[in-house]
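**Q** Just the structure for this:
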Amino acid sequence: AVVSTQSTGDWFQDKRNAISSILAGSLFAVGWWIAIDVGATEAGHYSTAYWTCGVFGTIGLLMVNAVSNSQLRGDAYVPGALGTSGTRVWMVIGFLCSFGALIGASFILFGEYVYKKIEPSYPGTGFFMQNLLIFMATIIFKFGRVEDAY
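**A** Below is the predicted model of the structure:
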């Protein structure tokens, strides 16, 4: 029998980027899958404006994850007029898009479907779940990965 001297923590650290990327990508895909399912099965039971929350959540995911942690800390060379400050403003705007999408989807679910008791409630639940999963993917993809100096 082969005995591994590598602990579970070391194994996870070796695979951390892959696991985080797969998990975040899966959450993102399932979120959009749910929204597409709402669009396919509940046509006419929701406003088409409800799609904007998912779009802004996706834009937030792209903005937040386009910036490396070393750029935020000021360790990397950042050309341009704004430098590290511009990077931090970009990151804040990305998080505002993500939080705004989640808050908007919460309003859609609770303000439009739960409070008004509109049936079927699946569109409200679906759009909320979409944005919750996109937000979780944003956080996992940003903070679950590590930047190694290769």
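**Q** counting contacts, what elements does the biggest helix by length in the chain pack onto?
**A** Criterion DSSP state H: the longest helix present in the chain is helix 8-41. Here helix 8-41 touches helix 51-65, helix 122-143, going by 3 or more Cβ pairs under 8 Å, 6 or more residues apart in numbering; DSSP states H and E. Using the backbone N, CA and C atoms, a C-beta is placed for each residue, glycine as well.
**Q** List the buried residues in that helix.
**A** Residues of helix 8-41 classed as buried under the neighbour-count rule (16 or more other Cβ atoms under 10 Å) are Ser20, Ala24, Leu27, Phe28, Gly31, Trp32, Ile34, Ala35, Val38, Gly39.
**Q** ok now do the second one, which residues does it touch?
**A** Neighbour list for Ala24: Met136, Ala137, Thr138, Ile140, Phe141, Gly144 [criterion: Cβ atoms under 8 Å, 6 or more residues apart in numbering].
**Q** swap the cut-off to 6 Å and go again
**A** The contact partners of Ala24, by Cβ atoms under 6 Å, 6 or more residues apart in numbering, come to Ala137, Ile140, Phe141.
**Q** Equivalent analysis for the fourth one, please.
**A** Neighbour list for Phe28: Ile134, Ala137 [criterion: Cβ under 6 Å, 6+ apart].
**Q** go on, the fifth one?
**A** For Gly31, the contact set (Cβ under 6 Å, 6+ apart) comprises Gln130, Leu133, Ile134.
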